[in-house]
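*Asks:* predicted model, plus sequence, below.
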Amino acid sequence: MTSNKNKDIKVTVIGAGLAGSEAVYQLIRKQIPVRLIEMRPKVKTGAHTTDMFGELVCSNSVGSNLPDRAPGLLKEELRFFGSYFMETAYKYRVPAGNALAVDRYAFAREMTRYLKTHTLVDFVNEEAVEIPKDGYVIIATGPLTSNSMLEELQKMLGKKHLDFFDAVAPIVNADSINMNIAFKADRYGDGENGDYINCPMNKEQYLAFVEALLNAERIDLSDMEKSARKKYFSACQPVEIIAESGIDSLRFGPLKPVGLVNPRTGQRPYAVVQLRQDNLLASMFNLVGFQTNLKHPEQIRVFKMIPGLENAKFERLGQMHRNAYINAPELLLPTLQLKSNPNIFFAGQISGVEGYTESAATGLLAGMNVCRLIQGKEAVSLPAQTMLGSLLHYITYTGHKDFHPMNVNFGLFASKEGEKSEERKDRIIKTARKVFREFVSSI
Ligand SMILES: Cc1cc2nc3c(=O)[nH]c(=O)nc-3n(C[C@H](O)[C@H](O)[C@H](O)COP(=O)(O)OP(=O)(O)OC[C@H]3O[C@@H](n4cnc5c(N)ncnc54)[C@H](O)[C@@H]3O)c2cc1C
């Protein structure tokens, strides 16, 4: 698999997607030669359609560009660091309101042309089937990592530390839940101090909700997704599929009210949607059992019908798709190094982040850290008060009950008692900017 272009190469990057390309760029800008292994087009992923680096597999939008939005703040941090992903995205920007959208072909063509032919890049067009034993390695094989590499990773990390499929329920911001309707209680608990937030439904509300759920538009699954679902997730049905099997299915399933009494009425509700705390800060709650394939705007419309969630702010929407990712909280340091072998880094979606910009951001940090190690410095992570730092701390926090990949959002930051939502956002942004600049000048 190796070529003779440069025998002194100490770094291998596997995968020329968004994370891998960014990592390579960060290395070569510091004059560090890199071996880059990419399998396409010889081996296909099922979603990529070209042989280009940095291909955007779905939307051509890389998210909000507004400075007061979480993705906007992440972009600001990336630009400060000299991100190639950001530079190329702005170069090939197309009009999309407040979002940063790109001409996907021009964007990927530029990345491919620059990196593939760079004198410091030894490009190997093969499927990597093992992890190199020498030097530094950045594994950036993405959500659609090839099967042979998945087997190799299983051997290295253990079966239970690798997931192939992601079925996530929506997450809402805790401050946006109407606690005049919802109530705190555990099933068969002894009062109002339970861990769960419960959204009670009467019969009329339940029937209207089920009808809306059944009629909502769904994401059209590819054959690849259907077969992956069958293989890995037969036991984990989307909420709309459970609803299809009978009008009472949800009421006897994830919305069962047994063991719960609404303290406002003293009665058991007809059905209950339970919300479970999702982060240590208790700023985010997920809808228990609500993994779904509804289109995103439909999720917002239908799930806002749940009493108590009428003004809910969705930090992440539900989804079910093939998504290889490692158990980052157990395996990774916030520097993106493998705890058991600090010469190996994970970056991109496989490291437990979600989204184009987040993937590029972790590629940037992994590339930057390998440079630092080669230069005799220590690997770093960002402070948790910054946008990227909050995400890195989330994915490597060991207290998750059930870890799923995460995108950037303001729910990753602590709330202060009595603080209004706009004040909170303002405080987070100001602190993030200040701490980020202090961090940059300290390294
Ligand atoms: C179907 C789908 C749609 C998505 N849509 C969006 C979206 O609209 N917006 C968004 O923000 N995020 C989206 N995501 C999530 C995610 O942001 C993207 O997948 C993103 O491209 C991840 O970046 P990455 O660098 O981690 O992986 P990728 O960009 O997928 O890059 C990984 C690269 O590794 C290569 N590779 C895999 N295995 C091997 C191997 N063994 N040897 C050599 N090369 C290998 C692949 O060919 C690929 O080029 C989507 C994910 C999927 C699966």
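*Replies:* Great, that's in hand. Computed from a predicted model, the values in this text were never measured in an experiment.

*Asks:* the residue nearest the centre of the chain and L317: what is the separation?
*Replies:* Most central in the chain under CA atoms, centre = their mean is E354, positioned 1.9 Å from the mean C-alpha point. To L317, E354 is 11 Å away according to CB to CB, to the nearest Å. All C-beta spots, glycine's among them, are computed from the backbone N, C-alpha and C.

*Asks:* follow-up on the earlier one: what sits against the residue nearest to the centre of the chain?
*Replies:* Neighbouring residues of E354 by CB atoms under 8 Å, 6 or more residues apart in numbering: 316, 405-407.

*Asks:* same question, N409
*Replies:* N409 sits next to 70, 284, 315-316 when contact means CB under 8 Å, 6+ apart.

*Asks:* again, 7 Å this time
*Replies:* By CB atoms under 7 Å, 6 or more residues apart in numbering, the contact set of N409 is 70, 315-316.

*Asks:* burial of E378, as a residue count?
*Replies:* Burial of E378 is recorded as 9 neighbouring residues (other CB atoms under 10 Å).

*Asks:* secondary structure element holding it?
*Replies:* Using DSSP states H and E, E378 sits within no helix or strand.

*Asks:* looking at the protein, what residue ends up closest to the ligand?
*Replies:* Residue nearest to the ligand within the chain (CB to the nearest ligand atom): G17, separated by 1.7 Å.

*Asks:* just to revisit the earlier point, the contacts of N409 into a markdown table, with extra columns for neighbour count and pLDDT?
*Replies:* Listed next are the contacts of N409 as a markdown table, based on neighbours: other CB atoms under 10 Å; pLDDT from 0 to 100:
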| residue | neighbour count | pLDDT |
| --- | --- | --- |
| A70 | 25 | 95 |
| E315 | 25 | 89 |
| R316 | 21 | 87 |
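
*Asks:* which member of those is positioned nearest F123?
*Replies:* For the contacts of N409, the minimum distance to F123 (CB to CB) is 34.3 Å, reached by A70.

*Asks:* hmm, back to that, skipping adjacent residues, who's closest to the residue of the chain closest to the ligand in space?
*Replies:* In this structure, G17 finds its nearest non-sequential neighbour in G142, 4.8 Å apart by CB to CB, 6 or more residues apart in numbering.

*Asks:* one step back: farthest pair in the contacts of E354?
*Replies:* Within those, two members stand farthest from each other by CB to CB: R316 and P405, at 9.4 Å.

*Asks:* how close does E244 get to G308?
*Replies:* Separation of E244 from G308 (CB to CB) stands at 25 Å.

*Asks:* those two - which one has more neighbours?
*Replies:* Each of E244 and G308 has its neighbours counted (other CB under 10 Å); G308 has more, 22 against 12.

*Asks:* run through the residues that contact the more buried one.
*Replies:* Counting by CB under 7 Å, 6+ apart, G308 touches 177-178, 181-182, 199.

*Asks:* relative to S359, which of those is nearest.
*Replies:* Using CB to CB, those come closest to S359 at I177, 30.0 Å.

*Asks:* test my guess that that closest one contacts A312.
*Replies:* Yes. With contacts counted by CB atoms under 7 Å, I177 reaches A312, the gap being 6.5 Å.

*Asks:* which parts of stretch 285-302 are buried?
*Replies:* Applying a neighbour-count criterion of 16 or more other CB atoms under 10 Å, one finds 285-294, 298-300, 302 buried in stretch 285-302.

*Asks:* what do you get for stretch 210-219?
*Replies:* Neighbour-count burial for stretch 210-219 flags 210, 213, 216, 219 (criterion: 16+ other CB under 10 Å).

*Asks:* quick one: least confident of these?
*Replies:* Among the buried residues of stretch 210-219, I219 has the lowest pLDDT, at 83.

*Asks:* that one touches K295, doesn't it?
*Replies:* Yes. Here I219 reaches K295: they are 5.7 Å apart, a contact under CB under 7 Å.

*Asks:* check contacts around the residue lying closest to N343 once chain neighbours are set aside.
*Replies:* Closest residue in space to N343, ignoring its immediate chain neighbours: Y136 at 5.2 Å, by CB to CB, 6+ apart. Y136 makes contact with 10-11, 343, 370, 373, according to CB under 7 Å, 6+ apart.

*Asks:* and what of Y356?
*Replies:* Going by CB under 7 Å, 6+ apart, Y356 touches 18, 56, 62.

*Asks:* quote the end-to-end distance of stretch 63-82.
*Replies:* 18 Å (CA to CA, to the nearest Å).

*Asks:* and stretch 344-362, by the same measure?
*Replies:* Stretch 344-362 has an end-to-end distance of 14 Å (CA to CA).

*Asks:* quick one on the thing from earlier: now, which of the buried residues of stretch 285-302 lie within strands?
*Replies:* Counting by DSSP state E, those place 285-287 in strands.

*Asks:* how about those residues in TSV, adding pLDDT and distance to the ligand?
*Replies:* Output for these, formatted as TSV (pLDDT from 0 to 100; distance: CB to the nearest ligand atom, whole Å):
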residue	pLDDT	distance to the ligand
F285	90	23
N286	89	19
L287	93	21
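
*Asks:* in the longest helix along the chain, what's buried?
*Replies:* Longest helix in the chain by number of residues (criterion: DSSP state H): helix 421-442. Neighbour counts over helix 421-442 (16+ other CB under 10 Å) mark 424-425, 428-429, 432-433, 435-436, 439 as buried.

*Asks:* likewise stretch 54-65?
*Replies:* Within stretch 54-65, the residues scored as buried using 16+ other CB under 10 Å are 54-57, 60-65.

*Asks:* can you pull out the helices in the stretch 101-250 of the chain?
*Replies:* 104-116, 147-157, 203-215, 223-232, 239-244 (DSSP state H, counting those that start in this stretch).

*Asks:* what residues does the stretch 201-350 of the chain put near the ligand?
*Replies:* For the stretch 201-350 of the chain, the residues in contact with the ligand (CB under 6 Å from any ligand atom) are 321, 348-350.

*Asks:* can you do 5 Å?
*Replies:* Residues of the stretch 201-350 of the chain lying near the ligand by CB under 5 Å from any ligand atom: 348-349.

*Asks:* which residues touch the residue nearest to Q237 when sequence neighbours are not counted?
*Replies:* Once flanking residues are discounted, Q237 sits nearest to Q291: 7.9 Å by CB to CB, 6+ apart. Q291 sits next to 167-169, 236, 238-239, 318, 320 when contact means CB under 7 Å, 6+ apart.

*Asks:* for PyMOL, write a command that selects the buried ones of those residues.
*Replies:* Burial among the contacts of Q291 is assessed by 16+ other CB under 10 Å; the matching PyMOL selection reads:
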select buried, resi 167+168+169+238+239+318+320
